[in-house]
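1. can't give you the sequence, but here's the structure:
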């Protein structure tokens, strides 16, 4: 069975062939062949190139990016003589001039709680608590319906045709035509939300508790963050020989939590089409003009460069977790076919320079280009038309 596209080209070819050889009454010689001399036609041609992008949310966060998901600082430890300043999520403990004690910055009044103990029987001993968090994550699949985005570009490019006359019978003629056309298009889309990913997290809350001498700690929450000097005990024995004070304590608790991730994707595609049409035109003279039907094949060489970027953000914020970039280059070669019409009209007395107007339908099988995250279906089939100047060689 003959494919539909092949039947279309065959019917056009039979029509143009019958038009070119049918007998006719004698008439004046017409300018288009000028004793069967070759022609050169140059001008501009326009057509449409269509690309359908398909984005499937199948990119999961790679294991190597997991540390970036941390919601906290991890286990930073207790302050010591040699540790330097220790930063917690709700304050800090740093060195002071008094042995065994440290300076502290306390972010919230709730961090200070009484112990019921007294230093030297007079000064209340409170407990100041600091925290950090560490988290271990487990990937889950990206969920979402994905996207399909169409990008149709009307493009204009140069063309050149070499016309070789084959037959001439009264006011009828047949020519062989081979040419070249070039089109340059850019397709793509900006960042699009394509899905969500959930990272299951086992979060560990680290707790650090120091004895705190409550000389004058404020009780008004508006007074915090509060900076105290020489009030936080990190070495009870070095600070005092009494048994009223305790060394710092640390503990941890682990629970489950989840981090939701938004997945975005964007793509750019640059496409250069080099088309080489070859076929026949069969027509007749109409006054000083000519009108012909054309049909033939095309060789299509496509240079394409495609890039895609997939980015992942923590849900509800701007915390960029991971970016993945993927590139694809290719030079597919496709055969096609065309059928159309061609019109010429002389611009000088002997017809050696003439106006050329043509239109046709170009048919080419669609094909696919893809990166790791995005697939592009490229369709070169479209109506095409152009205008230019024809020159007959001396």
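-> Sure thing, it's come through. Computed from a predicted structure; not experimentally measured.

2. neighbours around the closest residue to residue 80 other than its chain neighbours, how many?
-> Using CB to CB, 6 or more residues apart in numbering and skipping residues adjacent in sequence, the residue nearest residue 80 is residue 234, 6.7 Å away. (C-beta placed from N, C-alpha, C; glycine too.) Counted by other CB atoms under 10 Å, the residues lying close to residue 234 total 23.

3. for residue 228, see how far away residue 234 is.
-> 13 Å (CB to CB, to the nearest Å).

4. out of the helices and strands in this protein, which is least certain?
-> Within the chain, no helix or strand scores below helix 4-21, which has a mean of 41 by mean pLDDT, DSSP states H and E.

5. what is the mean pLDDT for the very next helix or strand once past that one?
-> Downstream of helix 4-21, the next assigned helix or strand under DSSP states H and E is strand 39-55. For strand 39-55, mean pLDDT rounds to 95.

6. after strand 39-55, next one along is what?
-> Using DSSP H and E, the helix or strand that follows strand 39-55 in sequence is strand 86-88.

7. mind listing what that next one pairs with, with the direction of each?
-> strand 91-95 (antiparallel) (DSSP bridges).

8. which residues does the strand it pairs with contact?
-> 79, 84-86, 102-107, 111, 128, 130, 210, 225, 232, 234 (CB atoms under 8 Å, 6 or more residues apart in numbering).

9. now the next helix or strand after it: average pLDDT?
-> Remark: after strand 91-95, the chain's next helix or strand is strand 101-106, criterion DSSP H and E. For strand 101-106, mean pLDDT is 95.

10. before we move on, the earlier item: my guess is the residue nearest to residue 80 contacts residue 247. True?
-> Yes - if you go by CB atoms under 8 Å, residue 234 and residue 247 touch, sitting 7.5 Å apart.

11. and the residue nearest to residue 358 when sequence neighbours are not counted, how many residues sit next to it?
-> Among residues not flanking residue 358 along the chain, residue 342 sits closest, at 4.5 Å (CB to CB, 6+ apart). A count of neighbours around residue 342, defined by other CB under 10 Å, yields 24.

12. with residue 343 instead?
-> Residue 343 has 17 neighbours, counted by other CB under 10 Å.

13. if I pick it, what's in contact with it?
-> 289, 290, 291, 292, 356, 357, 358.

14. please identify which of the residues you listed is nearest to residue 46.
-> residue 358 (11.1 Å; CB to CB).

15. please identify the helix or strand for that closest one.
-> strand 353-364.

16. how about that strand: buried residues?
-> Neighbour counts over strand 353-364 (16 or more other CB atoms under 10 Å) mark 354, 356, 358, 359, 360, 362, 363, 364 as buried.

17. right, and the helix or strand after that strand?
-> Beyond strand 353-364 on the C-terminal side, the first helix or strand identified by DSSP H and E is strand 367-370.

18. could you pull out the strands for the stretch 201-350 of the chain?
-> Applying DSSP state E, counting those that start in this stretch to the stretch 201-350 of the chain gives strands spanning 226-233, 249-286, 289-314, 320-330, 333-346.

19. direction included, what does the first one pair against?
-> For strand 226-233, the pairing partners within the sheet under DSSP bridges are strand 101-106 (antiparallel), strand 172-213 (antiparallel).

20. buried ones in that strand, by neighbour count?
-> Applying 16+ other CB under 10 Å to strand 226-233 flags 226, 228, 230, 231, 232, 233 as buried.

21. identify all contacting residues around that strand.
-> Residues from elsewhere that reach strand 226-233 (CB under 8 Å, 6+ apart): 79, 93, 96-98, 100-106, 109, 128, 210-215, 217-218, 239, 245-248.

22. ok, now which ones touch residue 79?
-> 86, 93, 94, 102, 210, 232, 234, 248.

23. let's see it at 7 Å
-> Counting by CB atoms under 7 Å, 6 or more residues apart in numbering, residue 79 makes contact with 86, 93, 102, 234.

24. can you pick the most crowded of these?
-> residue 102 leads the contacts of residue 79 on contacts (other CB under 10 Å) with 27 neighbours.

25. test my guess that it contacts residue 86.
-> No - contact criterion CB atoms under 7 Å: residue 102 and residue 86 do not qualify, at 8.8 Å.

26. so how far is residue 349 from residue 386?
-> Separation of residue 386 from residue 349 (CB to CB): 25 Å.

27. point out where this structure drops to low pLDDT.
-> Counting by pLDDT under 70, the chain shows low-confidence ranges at 1-35, 57-72, 136-145, 199-201, 257-258, 316-318.

28. hmm, 80 instead?
-> Within the chain, the ranges that satisfy pLDDT under 80 run 1-36, 56-72, 134-146, 170, 195-203, 255-260, 314-319, 321, 394.
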